[in-house]
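[1] Predicted structure and sequence below. I'll ask about it afterward.
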Amino acid sequence: MGEEGGEKQLTTVPIDPRFPNTNQSRYCYVMFSDYHRCIRLFNKENNDCKYFQNVYKTICPNFWIEKWETQVEDGSFPSLSKAK
């Protein structure tokens, strides 16, 4: 996980048995939603929140993230709009 001799050690997100299929769309959505719920409860520096962020940034397409971030800012992201 750290840098040794200038080389980064690459890791991938762990397998989540709740999402066994190869299509990871739902996993991506859930991790994005969980991250934003987490930062509302705690803050962006919380290690649990950072875990959710790492997962969604790893498995979600960038254009989805951009769209969802815009929706979060507008207050129109579906799973968070009523959870203020």
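    Everything's here; your move.
[2] Mind exporting the C-alpha coordinates of the strand or helix carrying residue 65 to PDB?
    Using DSSP states H and E, residue 65 sits in helix 62-74. Taking C-alpha atoms only, helix 62-74 is exported to PDB below (Å, rounded to 0.1, in the frame of the first residue of the first chain):
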ATOM      1  CA  ASN A  62     -15.600   8.700 -14.600                       C
ATOM      2  CA  PHE A  63     -18.600  10.100 -16.500                       C
ATOM      3  CA  TRP A  64     -21.000   8.500 -13.900                       C
ATOM      4  CA  ILE A  65     -19.000  10.000 -11.100                       C
ATOM      5  CA  GLU A  66     -19.100  13.500 -12.700                       C
ATOM      6  CA  LYS A  67     -22.800  13.300 -13.300                       C
ATOM      7  CA  TRP A  68     -23.600  12.000  -9.800                       C
ATOM      8  CA  GLU A  69     -21.300  14.700  -8.200                       C
ATOM      9  CA  THR A  70     -23.300  17.300 -10.100                       C
ATOM     10  CA  GLN A  71     -26.500  15.800  -8.800                       C
ATOM     11  CA  VAL A  72     -25.300  15.700  -5.300                       C
ATOM     12  CA  GLU A  73     -24.300  19.400  -5.500                       C
ATOM     13  CA  ASP A  74     -27.800  20.200  -6.900                       C
END
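[3] What is it packed up against?
    helix 25-41 (3 or more Cβ pairs under 8 Å, 6 or more residues apart in numbering; DSSP states H and E). No exception for glycine: its C-beta is placed from N, CA and C like everyone else's.
[4] Go through the helix it packs on and flag the buried ones.
    The neighbour-count check on helix 25-41 (16 or more other Cβ atoms under 10 Å) flags 27, 28, 29, 30, 31, 32, 33, 34, 35, 36, 38, 39 as buried.
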